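>>> Predicted model, plus sequence, below.
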Amino acid sequence: MRRIANAGHEIASHGYGHQLVYKQTPEVFRQDVYRSKCMLEDLIGKPVIGYRAPSWSITEDSFWALGILNELGFRYDSSIFPFKNFLYGVKGAPRFPFRASQYCKDAGDLLEIPPSTVKMPLLNIPFSGGFYFRALPYPFINAFAKQVNREKHPTVFYLHPREIDPKQPRLNLSKRDALIHYYGIRGCKSKMTKVIRKFNCGAIRDVLL
């Protein structure tokens, strides 16, 4: 963590226990996020101002979490996915940054920064990270990112470190979850390398705040 921070990158919080927010009580969530924030700040000696929920799990059932993030001193959250599936997402959520007070009156000035999607006639299409990034051919990712830029917004890409390691130990998962976790792993690093070379990239704190 110190090496990453000293290299100029932003360190944000993903929580401590990596549990779905909507399966926690507000107090359990508060303790988990506070523990993570304090630990990271002690390690890097800098404020941690951003948060992203495990599996995008701030949904209609857990909008209360936005108020707690504001209470704990976060400046932005990036947990509300504007695409609904079986695990996460908020149908009709804005595609671009907005004030989280839209969903929680206690969120104050907390800024919500969604992962990028492209708008289609019936739904928003994810492309900028995770399974969607691994499953799509690079020309689609490139075209969709340019479309977001033409709408005068930065594209929010995201990547788990495990997604560039084809030799990682495999978990014993159901066929559905194995597909979500591992499909396209072998080509993921080369796609992200192309993104970094093709686009002018930066941290959320530097680009969107």
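On my side now, so go ahead. Numbering: from 1, shown residues only.
>>> per the record, what domains does this structure have?
Here the domain parsing of the chain from automatic domain parsing is 1-114, 116-201.
>>> What mean pLDDT does stretch 112-121 get?
The average pLDDT for stretch 112-121 rounds to 95.
>>> Dump the C-alpha coordinates for whichever helix in the chain runs longest into PDB.
Longest helix in the chain by number of residues (criterion: DSSP state H): helix 26-44. Taking C-alpha atoms only, helix 26-44 is exported to PDB below (Å, rounded to 0.1, in the frame of the first residue of the first chain):
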ATOM      1  CA  PRO A  26     -25.900  -0.100   9.500                       C
ATOM      2  CA  GLU A  27     -23.700  -0.400  12.700                       C
ATOM      3  CA  VAL A  28     -21.800  -3.400  11.300                       C
ATOM      4  CA  PHE A  29     -21.200  -1.500   8.100                       C
ATOM      5  CA  ARG A  30     -20.000   1.600   9.900                       C
ATOM      6  CA  GLN A  31     -17.500  -0.500  11.900                       C
ATOM      7  CA  ASP A  32     -16.300  -2.300   8.900                       C
ATOM      8  CA  VAL A  33     -15.700   0.800   6.800                       C
ATOM      9  CA  TYR A  34     -14.200   2.800   9.700                       C
ATOM     10  CA  ARG A  35     -11.700   0.000  10.400                       C
ATOM     11  CA  SER A  36     -10.700  -0.100   6.700                       C
ATOM     12  CA  LYS A  37     -10.400   3.700   6.500                       C
ATOM     13  CA  CYS A  38      -8.300   4.000   9.700                       C
ATOM     14  CA  MET A  39      -6.000   1.100   8.700                       C
ATOM     15  CA  LEU A  40      -5.300   2.500   5.200                       C
ATOM     16  CA  GLU A  41      -4.700   6.000   6.500                       C
ATOM     17  CA  ASP A  42      -2.300   4.700   9.100                       C
ATOM     18  CA  LEU A  43      -0.400   2.800   6.400                       C
ATOM     19  CA  ILE A  44      -0.100   5.600   3.800                       C
END
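>>> From the chain's centroid, how far away is the helix or strand following it?
Sequence-wise, the next helix or strand downstream of helix 26-44 (DSSP states H and E) is strand 50-51. Distance of strand 50-51 from the chain centroid (C-alpha atoms, centre = their mean, to the nearest Å) equals 9 Å.
>>> now stretch 115-125
Offset of stretch 115-125 from its chain centre (C-alpha atoms, centre = their mean): 16 Å.
>>> What are the buried residues along it?
115-118, 124 (16 or more other C-beta atoms under 10 Å). Using the backbone N, CA and C atoms, a C-beta is placed for each residue, glycine as well.
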